[in-house]
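*Asks:* Give me a model of this one.
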Amino acid sequence: MAVMWVYVTTGGRAEAERIGRQAVASRLAACANIIGGAIAIYWWEGKIERGREAVLILKTTKARLKPLIAKIRRLHSYDCPCIEAIRVAAGYKPYLDWVAREARPRRTVKAR
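*Replies:* Below is the predicted model of the structure:
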């Protein structure tokens, strides 16, 4: 099964944690990593903007990618959030197997 690395920028650590918890609780992702303190410089509506963000990295499978993106989009505060998926070409097989086992449909737990 293909493992995917999903990169998401968020408006801050709290938003990243909320999205990450819900993605993991619903088994759309095996785990979430949050990196705070990112600075974004980007074009928006004709001018250059600068803002603070947090980066959310989710590990999932190709089969769970489409519903994961839909969930992120529903929970995200941005009009046009950065949601990018990259297929993992190689890695430690026991870890990749773990991601595949954990990111599959089964009974969900309530996110705190």
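
*Asks:* hey, what's Val8 bridged with?
*Replies:* Beta-bridge pairing for Val8 (DSSP bridges): Leu56, Ile83.

*Asks:* Could I get the full set of helices for this structure?
*Replies:* For the chain, the helices defined by DSSP state H cover 13-25, 62-75, 93-102.

*Asks:* Need the winner for burial among these.
*Replies:* Scoring the helices of the chain by mean neighbour count under mean count of other C-beta atoms under 10 Å gives helix 13-25 as the most buried, with a mean of 20. (Glycine included, C-beta is placed from N, CA and C.)

*Asks:* hang on, the earlier thing: compare the helices of the chain and report which one is nearest to Gly51.
*Replies:* Nearest to Gly51 among those is helix 13-25; the distance by C-beta to C-beta comes to 12.5 Å.

*Asks:* CA atoms only for the closest one - export them in PDB, please.
*Replies:* Presented in PDB, the C-alpha positions along helix 13-25 are these (Å, rounded to 0.1, in the frame of the first residue of the first chain):
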ATOM      1  CA  ARG A  13      -0.400  25.700  16.400                       C
ATOM      2  CA  ALA A  14      -3.900  25.400  17.800                       C
ATOM      3  CA  GLU A  15      -5.500  25.000  14.400                       C
ATOM      4  CA  ALA A  16      -2.800  22.500  13.400                       C
ATOM      5  CA  GLU A  17      -3.400  20.500  16.500                       C
ATOM      6  CA  ARG A  18      -7.200  20.500  16.000                       C
ATOM      7  CA  ILE A  19      -7.000  19.300  12.400                       C
ATOM      8  CA  GLY A  20      -4.300  16.800  13.300                       C
ATOM      9  CA  ARG A  21      -6.200  15.300  16.200                       C
ATOM     10  CA  GLN A  22      -9.400  14.900  14.200                       C
ATOM     11  CA  ALA A  23      -7.500  13.400  11.200                       C
ATOM     12  CA  VAL A  24      -5.900  10.800  13.500                       C
ATOM     13  CA  ALA A  25      -9.100  10.100  15.500                       C
END
